[in-house]
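In: next one to model:
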Amino acid sequence: MPIHKAEAIVLSKRDFRETSLIVNFYTREFGKLSGILKGIRKEPIKFASSLEPFSLNDIVFYKNRSTTLHLVSQCDLKDNFSSIRQNMFKVGMASIVLELIDAVMQLDDKNEDIFQLGLDTLAGLASAPNPDKITTIFKIKMLSLSGFKPNLDSCVVCSNKILGESKFSLKSGGLLCLRCAPKDLNSRSIFRGTIATILHIERNDFKCNLNLGINPQIKKELDLVLNAFLNFHLEKELKSQKVLHKIENFIPVIR
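Out: Reported below is the predicted structural model:
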């Protein structure tokens, strides 16, 4: 088996048998991969990381050509993002980042831009006193970079540029002009400011978008549209999004 090194974000982990762990990583060099760490629960000192979700690690692994499960022989912690772990809202937001990367990206589908987006998002959550819009920015950038984004440049039915009012169709994956809107009776109205905000975030880098001011009404519609779009096309609601909603219902989010 060939040996490889990679910079890796831990997406999830689970116990395997009595002493081992199976960990899902998203790596800069290879995309998403699964690795087994033999004996780590019995002798954790053998590894310089406890493999906590959303931690950043340098890993060494043997790539198995006959299966998608690879043998991880070394794991060194680079950043545990400890300040995220001290805030339940930030933990919920980081969990959304991990779950969405895991849901959208396929095994061995390398995308360095998405790896860097995940890393920038975790760093932003760790340092930002006001983290609420960071996951909104992440979702928009993630959809754009993965080719999964809604079409907002023109009508998805007739392809004409939309200059005035429009509606958003989950089923068609984008905007409908008013002439084509009757083709999807479930399409909904959408503010021009919401469309402009999505396009701005798509076209600018993550750090630039952190300085973007978002009107509360636009922010609310952004969250509704993005979550509905993801739920429709993933055919499920993200579990971490459900948990975050429950937390928000009991304790106001710090903005």
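In: biggest strand in this protein, by residue count?
Out: When the chain is scanned for its longest strand (criterion: DSSP state E), the result is strand 3-16.
In: list the contacts of the helix or strand following that one.
Out: Moving toward the C-terminus from strand 3-16, the next helix or strand (DSSP states H and E) is strand 20-27. For strand 20-27, contacts defined as Cβ atoms under 8 Å, 6 or more residues apart in numbering pick out 6-16, 32-41, 51, 57, 59, 69, 72, 101-102, 105, 114-115, 118. Just so you know, the C-beta spots here come from the backbone N, C-alpha and C atoms, and that holds for glycine as well.
In: and stretch 170-178, by the same measure?
Out: So stretch 170-178 is contacted by 150-152, 154-158, 160, 162, 164-169, 183-184, 186-187, 190, 195, 228-229, 232-233 (Cβ under 8 Å, 6+ apart).
In: out of those, which are buried?
Out: 150, 152, 155-157, 162, 166-169, 184, 187, 190, 195, 229 (16 or more other Cβ atoms under 10 Å).
In: and of those, the nearest to L125?
Out: Taking Cβ to Cβ as the measure, L125 lies nearest F229 of these, at 22.1 Å.
In: who are the packing partners of the strand or helix carrying the closest one?
Out: Using DSSP H and E, F229 sits within helix 216-234. Contacts defined by 3 or more Cβ pairs under 8 Å, 6 or more residues apart in numbering; DSSP states H and E place helix 216-234 against helix 88-104, helix 134-145, helix 192-203.
In: ok and the following helix or strand past that helix relative to helix 216-234, angle-wise?
Out: Under the assignment DSSP H and E, the closest C-terminal helix or strand after helix 216-234 is helix 239-250. Angle of helix 239-250 versus helix 216-234, following axes from the mean of the first three to the mean of the last three Cα atoms, to 10 degrees, is 150 degrees.
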